[in-house]
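*Asks:* 3D model of this:
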Amino acid sequence: MLLLLLLAALADLKTDRIPNGFIALGVCVGVLGGLLCGLDIRRTAVSVLLAFLLLYPLFRIGALGAGDVKVLMMTGSFVEVRVLFTIVVFSFLIGAVCALGKLLSERNGRERLYYFLSYLTEVMRTGQWKLYGEHTAQDYARYRRNKIHFTVPVLCSVALYVGGVI
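*Replies:* Reported below is the predicted structural model:
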C-alpha cells in the first residue's frame, strides 16, 4: 500500500494526475491482498464506498481533485472502515499543516482568506455551491501557487498508521 501511495504521490507531483489504470491496479491489489489475509470482501467494499461518499462532495466543489478521492478509495481497499476514517482525518490534519506552510512560504494568506470569505459569502447569498478556485484554472501559475498535492498528506498519514504512530 505504501509503495502504491508513493508512486501515486510522485505521479501527482510530476503531472498533476494519477492514471485511472494505476488506481484500478491498486484497488485490485488491495482487494486480493485482503482476500488472501481472510478479510471479508464486504468490509473492503464498504471502506471503498465510504471513501467515495465522504470525499465526493469535496471533489464536486473543487476542494479535492478526482485523483485525491480515487487514492483514498484505493487506500480503502486495503483497510477497514475504522482505519480508513483515521487515515482520512490525519490526512486532512497533515494537509492543513501543508496548506499553512504553503500560505507562509507564498505569503498570500490575506489573499487566500479574502477569496475564501468571498466564496462563502457567495454560497450563502445564492444558496448554491460553486466550484472553489474556478477563476484560477485559467491562470496556471496562480493555480500552482495555491495548490497542495493532497496525495502527499495521504501518503504521510498511511505511513504514520503503518508505523504505529497513529
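*Asks:* for the rest of this, base every contact and every neighbour count on C-alpha atoms.
*Replies:* Fine.
*Asks:* residue contacts, the most centrally placed residue in the chain?
*Replies:* What sits nearest the mean C-alpha location of the chain, by Cα atoms, centre = their mean, is Asp68, with 3.4 Å. Going by Cα atoms under 8 Å, 6 or more residues apart in numbering, Asp68 touches Phe150, Thr151.
*Asks:* recalculate using a threshold of 6 Å.
*Replies:* Thr151 (Cα atoms under 6 Å, 6 or more residues apart in numbering).
*Asks:* next: Lys147.
*Replies:* Counting by Cα under 6 Å, 6+ apart, Lys147 has no contacts.
*Asks:* and it, helix, strand or coil?
*Replies:* Assigned by DSSP: H, G, I helix; E, B strand; the rest coil, the conformation of Lys147 is coil.
*Asks:* and the pLDDT for it?
*Replies:* Reading off the confidence values, Lys147 has pLDDT 77.
*Asks:* got it, and the one 5 residues further on?
*Replies:* Reported pLDDT at Val152 in the predicted model: 96.
*Asks:* downstream neighbour of the helix or strand of the chain with the lowest mean pLDDT in the secondary structure list?
*Replies:* None of the helices or strands of the chain scores lower by mean pLDDT, DSSP states H and E than helix 140-145, at a mean of 60. The element immediately downstream of helix 140-145 (helix or strand, assigned by DSSP states H and E) is helix 151-162.
*Asks:* which positions within that next one qualify as buried?
*Replies:* For helix 151-162, burial by neighbour count (16 or more other Cα atoms under 10 Å) applies to Thr151, Val152, Pro153, Val154, Leu155, Cys156, Ser157, Val158, Ala159, Tyr161.
*Asks:* quick one: pLDDT of the last one?
*Replies:* Listed pLDDT for Tyr161 reads 97.
*Asks:* nearest spatial neighbour of it, skipping sequence neighbours?
*Replies:* Closest residue to Tyr161 in three dimensions, ignoring its sequence neighbours and counting by Cα to Cα, 6 or more residues apart in numbering: Ile87, at 7.3 Å.
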